[in-house]
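In: I need the structure of the sequence given here:
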Amino acid sequence: MPPSNPLSAALARARGKNLHVWTGGYARWLARSAAARARAALKRDGGPRHLLFAFCDHYEPHWKNTDVAIGTERVRAWLHGYPALVDPFRDSEGLRPRHSFFFPGEEYQPAYLDALASLARRGLGEVELHLHHHDDTPDGLRAKIADYLRLYDGHGHMTRTPDGKLRYAFIHGNWCLANARPDGRWCGVDGELPLLFETGCYADFTFPAAPDPSQPPIVNQIYWPDGDLGRRRAQDAGVPARVGEVRRDRILMIEGPLAFALRPGRLLAPRIENAAVTADDPPTPARVRSWVRQGIHVAGRPEWIFVKVHTHGAPEKQAAAMLGEGGRMLHAELTTRYNDGERWKLHYVTAREMFNIAIAAMDGKNGDPGAFRNHVLPPPPVAAA
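Out: Numbers count the residues shown, from 1 in each chain. A predicted model of the protein is given here:
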């Protein structure tokens, strides 16, 4: 039976969008953010702020299709379309936009990774690990990750520490990191966070996931998961990353912006802004400004603003938008409003570079963050070339 009054209807809609999961954390973040912005205003020395922008793509050539011929055409569209899209745009360092392809291991085809290597060699992106898994076990997940890293490394996509260990960034398929879904689907491994760290993961870029129930109550933060990391949904508790404190025994959580935004002409019907860029929800100038306003940063370094957005860029409809008018609109806004050299300097970064710059902030580095793109993790061989 439908709700009997407007209040009940509103509560039902809220439950359907899982607002109870994260709005409390969002309210706490708003209060902290207002105080942080006030402190930053008092400390400003008149220099520009720096916008670090990372586009993280859940890049799935076999989205709703397992035909290799279709997957090949989807990859080819990016191989030819992305360089043409980004060539007119430059950040404050003279770099073109850089795309992070979080490639699903279960969709591996050698030709796909070779094509993405071509883009990486041109300085246009890097490849990281995306993984869908269901009803899994720790041993099964560990074996999958090892197999996929070996395959990616064979194409030159994996970075290594000086001791030779493979390192990677991660996005969980279907959002359900550490068995986060209440119905138990699409994961199965409660202790996923320590397992990821042990296999070489340096940072997770899965979130935000709202309105999905996997969304953590922590929003708009770069943070270290804390407490019992072997428990289900361990990412639900954590401490903000801050200058002077670096943890070397766990992965870093790097979230994209999450907020409520007004719909044009519908002031009483706000939408959830979850940093998902799609053909139907393109990256308008208003959305870009909303992302920046969330002010995601390492505590103590508020002048370095981190914006991480995501898409599923391989399917035809999305690719047409990302490689066409949607992509042009995004980069036109970034390179004009946020790259004047006086108020803002823009830095296009990959996921790895964003992590490096976050660690540099925690290590007390300041000034121009572009100097710290390779602060702790070098580029993978294919990008270094």
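
In: which outside residues touch stretch 353-368?
Out: Residues from elsewhere that reach stretch 353-368 (Cβ atoms under 8 Å, 6 or more residues apart in numbering): 50, 52, 54, 98, 169, 202-203, 222, 241-246, 252, 254, 297-298, 300-301, 304, 306, 308, 345, 347, 349, 369, 371-377. (C-beta placed from N, C-alpha, C; glycine too.)

In: Only the buried subset of the residues you listed, as a PyMOL command please.
Out: Buried subset of the contacts of stretch 353-368, written as a PyMOL selection, criterion 16 or more other Cβ atoms under 10 Å:
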select buried, resi 50+52+54+98+169+202+203+222+241+242+246+252+254+297+298+300+301+304+306+308+345+347+349+369+372+373+375+376+377
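
In: Among the contacts of stretch 353-368, name the ones in strands.
Out: Taking DSSP state E, the ones among the contacts of stretch 353-368 that sit in strands are 50, 52, 54, 169, 202-203, 222, 252, 254, 304, 306, 308, 345, 347.

In: Pick the one among these closest to residue 212.
Out: Closest approach between the ones in strands among the contacts of stretch 353-368 and residue 212, by Cβ to Cβ: residue 308, at 16.9 Å.

In: Check the burial of the closest residue in space to the closest one that isn't next to it in sequence by counting its neighbours.
Out: Spatially, and ignoring its direct neighbours in sequence, residue 308 is nearest to residue 256 (4.1 Å; Cβ to Cβ, 6 or more residues apart in numbering). When neighbours are defined as other Cβ atoms under 10 Å, residue 256 has 25 of them.

In: wait, isn't residue 256 in contact with residue 290?
Out: No - with contact defined as Cβ atoms under 8 Å, residue 256 does not reach residue 290; the gap is 11.5 Å.

In: Which helix or strand lies directly C-terminal to the helix or strand containing residue 318?
Out: Element membership for residue 318 (DSSP states H and E) is helix 316-322. Per DSSP H and E, the first helix or strand lying C-terminal to helix 316-322 is helix 325-337.

In: Would you mind listing the buried residues in that next one?
Out: Residues of helix 325-337 classed as buried: 326, 327, 328, 329, 330, 331, 333, 334, 335, 337 (neighbour count, 16+ other Cβ under 10 Å).

In: Tell me which residues touch the second one, please.
Out: By Cβ under 8 Å, 6+ apart, the contact list for residue 327 reads 85, 86, 283, 321.

In: Adding secondary structure and distance to residue 25 as columns, could you present those in TSV?
Out: Shown next, in TSV, are the contacts of residue 327 (DSSP: H, G, I helix; E, B strand; the rest coil; distance: Cβ to Cβ, whole Å):
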residue	secondary structure	distance to residue 25
85	helix	35
86	helix	35
283	coil	25
321	helix	31
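
In: The residues you listed: which two are farthest apart?
Out: The largest separation in those, counting by Cβ to Cβ, is between 86 and 321 at 14.8 Å.

In: where's residue 71 relative to residue 62, distance?
Out: Separation of residue 71 from residue 62 (Cβ to Cβ, to the nearest Å): 5 Å.

In: Least confident secondary structure element in this structure?
Out: helix 6-16 (a mean of 39; mean pLDDT, DSSP states H and E).

In: Tell me which stretches of the stretch 151-300 of the chain form strands.
Out: 159-160, 166-172, 201-204, 222-225, 238-240, 252-254, 259-263, 266-273 (DSSP state E, counting those that start in this stretch).

In: Which one, of these, ends up nearest to residue 22?
Out: strand 266-273 (9.6 Å).

In: Going by neighbour count, list what's buried in stretch 310-329.
Out: In stretch 310-329, counting by 16+ other Cβ under 10 Å, buried: 310-315, 318-319, 321-323, 326-329.

In: and the end-to-end length of that stretch?
Out: 16 Å (Cα to Cα, to the nearest Å).

In: Now stretch 236-247 - C-alpha only, CSV.
Out: C-alpha atoms of stretch 236-247 as CSV (Å, rounded to 0.1, in the frame of the first residue of the first chain):
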residue,chain,number,x,y,z
ASP,A,236,32.7,3.2,7.2
ALA,A,237,35.2,4.4,9.9
GLY,A,238,38.3,6.4,9.3
VAL,A,239,40.4,9.4,10.1
PRO,A,240,41.0,12.3,7.8
ALA,A,241,44.3,12.6,6.0
ARG,A,242,46.3,15.5,7.4
VAL,A,243,49.6,17.2,7.1
GLY,A,244,52.2,15.4,9.2
GLU,A,245,50.5,12.0,9.4
VAL,A,246,51.2,9.2,6.9
ARG,A,247,50.2,5.6,7.4
